[in-house]
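J.: sequence? don't have it. structure:
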């Protein structure tokens with residue numbers, strides 16, 4: 001994920017910053033506990049395409 005692109009992207013729901021999970025190819029919104037997929041290098045920033053983070057995943061992000 002291009003650092004410049006990551007710097008300008010924000011969660012479409014709450015507008016908070018996102019973190020990139022390279023292994024899962026997802027952009028993570030900690031505030032909303034959502035993971036937005038990155039397909040073929042393109043972030044899919046649609047609420048319907050996001051998955052909710054499990055409790056364990058969410059807890060790991062806040063450590």
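T.: Everything's here; your move. Keep in mind the model is a prediction, meaning the values are calculated, not measured.

J.: what's the pLDDT at residue 60?
T.: Note on residue 60: pLDDT of 85.

J.: ok, residue 6 next?
T.: pLDDT at residue 6 comes out at 88.

J.: show me the beta-bridge partners of the nearest residue to residue 35 once chain neighbours are set aside.
T.: Nearest residue to residue 35, sequence neighbours excluded (Cβ to Cβ, 6 or more residues apart in numbering): residue 26, at 4.1 Å. For glycine as for every other residue, the C-beta is placed from the backbone atoms N, C-alpha and C. Taking DSSP bridges as the rule, residue 26 bridges to residue 21, residue 37.

J.: tell me if I'm right that residue 26 and residue 43 touch.
T.: No: using Cβ atoms under 8 Å, residue 26 makes no contact with residue 43, being 9.1 Å away.

J.: find residues that contact each of those two.
T.: Counting by Cβ atoms under 8 Å, 6 or more residues apart in numbering, the contacts common to residue 26 and residue 43 are 36-37.

J.: just give me the neighbour total for residue 30.
T.: 16 (other Cβ atoms under 10 Å).

J.: count of residues packed around the residue nearest to it when sequence neighbours are not counted?
T.: Counting by Cβ to Cβ, 6+ apart, residue 61 is the residue found nearest to residue 30 once chain neighbours are left out, at 5.3 Å. When neighbours are defined as other Cβ under 10 Å, residue 61 has 14 of them.

J.: cool, and residue 33?
T.: 16.

J.: that one touches residue 56, doesn't it?
T.: No: if you go by Cβ under 8 Å, residue 33 and residue 56 don't touch, sitting 11.4 Å apart.

J.: related to what we said a few turns ago, the residue nearest to residue 30 contacts residue 28, correct?
T.: Yes: if you go by Cβ under 8 Å, residue 61 and residue 28 touch, sitting 6.6 Å apart.
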